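Participant: Got a predicted model here, sequence first, then my questions.
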Amino acid sequence: MVLVIHGPNLNLLGVREPNVYGLKTLSDINSSLRDIAAKKSVELKIIQSNSEGKIIDVIQKAFHQDVDAIIINPAAYTHYSIAIRDALAMLDIPIIEVHLSNIYKREEFRHKSVISPVVTGQIAGFGASSYILALEQVIRLINN
Ligand code: DQA
């Protein structure tokens, strides 16, 4: 099973700063991911939370569940949540960090990801397609 975690404020995609994050809603993105997963016969679990603790609980549960890989957009937590980083660091599965925007092209405080050192790879800057690219890559990784 591939676990997709959307962090804070991503529930408002489509209306939230569309010039930065695009017009696609979270449910548009989730539908595209579900279509790809269905075609490849991959089970997908998708969650969104605005709360750091909830995200950590979900990551911890991945220990006990049959999770093959994680795709995570930690949103603002990317830049300062050592707790989410530590939770991810415990896992020995492929983890892809995703950002809709190119965080390195934006304000300086977004240039630092505390998550990147514990993930397999990062995809940033392709809008909703960042998630698609991540899922395609994850499927490739788990099928090898
Ligand atoms: C984001 C980038 C973060 O800096 C920001 O706080 C977000 C979204 C992105 O997907 O581009 O909420 O993770």
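Facilitator: Sure thing, it's come through.
Participant: C-alpha from now on. contacts and neighbour counts both.
Facilitator: OK.
Participant: Wondering if the worst-scoring helix or strand of the chain on mean pLDDT reaches the ligand at all.
Facilitator: Lowest on mean pLDDT, DSSP states H and E among the helices and strands of the chain sits helix 18-21, with a mean of 88. No: Helix 18-21 is not in contact with the ligand by Cα under 6 Å from any ligand atom; minimum separation 6.6 Å.
Participant: just the helices in the chain please.
Facilitator: Remark: helices assigned in the chain by DSSP state H are 18-21, 26-39, 52-61, 82-89, 129-142.
Participant: Looking at these, which is nearest to Lys112?
Facilitator: helix 82-89 (12.3 Å; Cα to Cα).
Participant: Check whether the closest one comes near the ligand.
Facilitator: No: Helix 82-89 does not reach the ligand (Cα under 6 Å from any ligand atom); its nearest approach is 13.7 Å.
Participant: same check, this time on stretch 72-81
Facilitator: Yes: using Cα under 6 Å from any ligand atom, we find that stretch 72-81 touches the ligand at Asn73, Pro74, Ala75, Ala76.
Participant: how many other residues sit next to the first one?
Facilitator: For Asn73, the neighbour count with other Cα atoms under 10 Å is 26.
Participant: In contact with it, which residues?
Facilitator: Going by Cα atoms under 8 Å, 6 or more residues apart in numbering, Asn73 touches Ile5, His6, Gly7, Glu97, Val98, His99.
Participant: and of those, the nearest to the ligand?
Facilitator: His99 (3.4 Å; Cα to the nearest ligand atom).
Participant: How much space separates the closest residue to that closest one other than its chain neighbours from the ligand?
Facilitator: Computed as Cα to Cα, 6 or more residues apart in numbering, the closest residue to His99 that is not its neighbour in sequence is Ala124, at 4.4 Å. Applying Cα to the nearest ligand atom, to the nearest Å, the value for Ala124 to the ligand is 7 Å.
Participant: Please name every helix or strand in contact with the least confident helix or strand of the chain.
Facilitator: Counting contacts by 3 or more Cα pairs under 8 Å, 6 or more residues apart in numbering; DSSP states H and E, helix 18-21 packs against no other helix or strand.
Participant: Nice, that's everything, thank you.
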